[in-house]
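**Q** Any chance you could fold what I've pasted below:
(one chain, ligands or ions: 1)
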Amino acid sequence: MSEPKHCAHPGCKARPLTGSDLCHFHSPDRQAALAEARRKGGANSHKGRFRPPTSEAECREMLANVAAAMLNRKIPSRVGQPVIAALNSLLKGYEQVELARLNKILESQNAQSNA
Ligand SMILES: [Zn+2]
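**A** Below you'll find the model as predicted:
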(Lines give C-alpha, C1' and ligand atoms only; values in the text may rest on other atoms or scores of the structure.)
Protein backbone atom coordinates (compact mmCIF):
# COMPACT_ATOMS: atom_id res chain seq x y z
CA MET A 1 0.00 0.00 0.00
CA SER A 2 1.47 3.36 -1.01
CA GLU A 3 0.87 6.49 1.06
CA PRO A 4 0.40 9.79 -0.80
CA LYS A 5 3.49 12.05 -0.69
CA HIS A 6 1.64 15.25 0.08
CA CYS A 7 -1.44 16.24 2.05
CA ALA A 8 -4.65 16.15 -0.05
CA HIS A 9 -5.54 19.69 1.09
CA PRO A 10 -5.17 22.01 -1.94
CA GLY A 11 -1.75 23.67 -1.95
CA CYS A 12 -0.49 21.86 1.17
CA LYS A 13 2.93 20.23 0.80
CA ALA A 14 3.04 18.70 4.29
CA ARG A 15 3.47 14.95 4.76
CA PRO A 16 0.13 13.22 5.44
CA LEU A 17 -0.51 11.37 8.68
CA THR A 18 -0.09 7.59 8.59
CA GLY A 19 -3.27 6.00 7.26
CA SER A 20 -4.65 9.37 6.11
CA ASP A 21 -4.28 11.51 3.02
CA LEU A 22 -4.35 14.69 5.11
CA CYS A 23 -1.52 16.19 7.19
CA HIS A 24 -1.41 17.07 10.90
CA PHE A 25 -2.79 20.56 10.16
CA HIS A 26 -5.62 19.51 7.85
CA SER A 27 -6.82 16.27 9.42
CA PRO A 28 -10.24 16.92 11.04
CA ASP A 29 -9.23 14.63 13.92
CA ARG A 30 -6.44 17.02 14.83
CA GLN A 31 -8.42 20.24 14.62
CA ALA A 32 -9.68 20.04 18.23
CA ALA A 33 -6.18 19.28 19.55
CA LEU A 34 -4.70 22.14 17.52
CA ALA A 35 -7.36 24.57 18.74
CA GLU A 36 -6.64 23.50 22.33
CA ALA A 37 -2.88 24.00 21.79
CA ARG A 38 -3.51 27.47 20.36
CA ARG A 39 -5.77 28.35 23.29
CA LYS A 40 -3.12 27.14 25.76
CA GLY A 41 -0.41 29.04 23.89
CA GLY A 42 -2.50 32.20 24.13
CA ALA A 43 -3.11 31.67 27.83
CA ASN A 44 0.60 31.05 28.49
CA SER A 45 1.80 34.07 26.54
CA HIS A 46 -0.68 36.19 28.48
CA LYS A 47 0.53 34.76 31.80
CA GLY A 48 4.13 35.73 30.99
CA ARG A 49 3.35 39.43 30.61
CA PHE A 50 4.53 41.43 33.61
CA ARG A 51 3.37 44.86 34.66
CA PRO A 52 5.99 46.96 36.49
CA PRO A 53 5.16 47.78 40.13
CA THR A 54 3.68 51.27 40.53
CA SER A 55 3.92 51.69 44.31
CA GLU A 56 6.19 50.85 47.21
CA ALA A 57 3.71 48.17 48.33
CA GLU A 58 3.63 46.54 44.88
CA CYS A 59 7.42 46.68 44.78
CA ARG A 60 7.67 44.85 48.11
CA GLU A 61 5.07 42.30 47.00
CA MET A 62 6.94 41.63 43.74
CA LEU A 63 10.24 41.29 45.62
CA ALA A 64 8.66 38.69 47.89
CA ASN A 65 7.18 36.85 44.87
CA VAL A 66 10.50 36.77 42.99
CA ALA A 67 12.33 35.58 46.11
CA ALA A 68 9.70 32.84 46.64
CA ALA A 69 9.89 31.81 42.96
CA MET A 70 13.68 31.51 43.26
CA LEU A 71 13.45 29.48 46.47
CA ASN A 72 10.82 27.22 44.88
CA ARG A 73 13.10 26.84 41.84
CA LYS A 74 10.45 28.27 39.51
CA ILE A 75 13.03 30.70 38.12
CA PRO A 76 16.82 30.31 38.10
CA SER A 77 18.78 32.69 40.33
CA ARG A 78 20.64 34.10 37.29
CA VAL A 79 17.21 35.44 36.23
CA GLY A 80 15.93 36.28 39.71
CA GLN A 81 19.02 38.11 41.00
CA PRO A 82 18.98 41.01 38.51
CA VAL A 83 15.20 41.35 38.94
CA ILE A 84 15.68 41.58 42.71
CA ALA A 85 18.45 44.17 42.22
CA ALA A 86 16.19 46.26 39.96
CA LEU A 87 13.27 45.99 42.40
CA ASN A 88 15.54 46.97 45.31
CA SER A 89 16.74 50.12 43.56
CA LEU A 90 13.15 50.98 42.61
CA LEU A 91 12.15 50.45 46.24
CA LYS A 92 14.98 52.77 47.36
CA GLY A 93 13.59 55.41 45.01
CA TYR A 94 10.11 55.08 46.51
CA GLU A 95 11.59 55.32 50.01
CA GLN A 96 13.50 58.51 49.10
CA VAL A 97 10.32 60.08 47.72
CA GLU A 98 8.52 59.15 50.96
CA LEU A 99 11.37 60.54 53.11
CA ALA A 100 11.32 63.81 51.16
CA ARG A 101 7.54 64.05 51.68
CA LEU A 102 7.88 63.47 55.45
CA ASN A 103 10.75 66.00 55.64
CA LYS A 104 8.60 68.63 53.97
CA ILE A 105 5.81 68.02 56.51
CA LEU A 106 8.29 68.28 59.42
CA GLU A 107 9.82 71.48 58.00
CA SER A 108 6.43 73.14 57.60
CA GLN A 109 5.49 72.12 61.18
CA ASN A 110 8.77 73.59 62.48
CA ALA A 111 8.22 76.80 60.52
CA GLN A 112 4.72 77.11 62.06
CA SER A 113 5.92 76.53 65.64
CA ASN A 114 8.76 79.06 65.19
CA ALA A 115 6.46 81.77 63.84
ZN1 LIG B 1 -2.17 19.70 4.89
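**Q** Residue numbers of this structure in contact with the ion?
**A** Within reach of the ion by CB under 5 Å from the ion, the chain has these residues: 7, 9, 12, 14, 23, 25-26. Bear in mind the C-beta positions are built from the backbone N, C-alpha and C, glycine included.
**Q** any chance of those residues in CSV, plus secondary structure?
**A** Formatted as CSV, the residues of the chain next to the ion follow (DSSP: H, G, I helix; E, B strand; the rest coil):
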residue, secondary structure
C7, coil
H9, coil
C12, coil
A14, coil
C23, strand
F25, coil
H26, coil
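**Q** Please identify which of those is nearest to Q81.
**A** Closest approach to Q81 among those (CB to CB): F25, at 41.8 Å.
**Q** The closest one: what's it in contact with?
**A** F25 makes contact with 7, 9, 12, 14, 34 under the criterion CB atoms under 8 Å, 6 or more residues apart in numbering.
**Q** Buried members of those into ChimeraX, please.
**A** Entered in ChimeraX, the line below selects the buried ones among the contacts of F25, by 16 or more other CB atoms under 10 Å:
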select :7
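**Q** picking that back up, nearest to S113, of the residues of the chain next to the ion?
**A** Closest to S113 out of the residues of the chain next to the ion is F25 (78.5 Å), distances taken as CB to CB.
**Q** How much space separates the closest one from H9?
**A** According to CB to CB, to the nearest Å, F25 and H9 sit 8 Å apart.
**Q** hang on, the earlier thing: I'd like the contacts of F25 as CSV, with distance to C59 and pLDDT appended.
**A** Putting the contacts of F25 into CSV (distance: CB to CB, whole Å; pLDDT from 0 to 100) gives the following:
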residue, distance to C59, pLDDT
C7, 53, 90
H9, 52, 89
C12, 51, 90
A14, 49, 89
L34, 41, 75
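**Q** Okay, and L99 sits in which element?
**A** For L99, the host element (DSSP states H and E) is helix 77-114.
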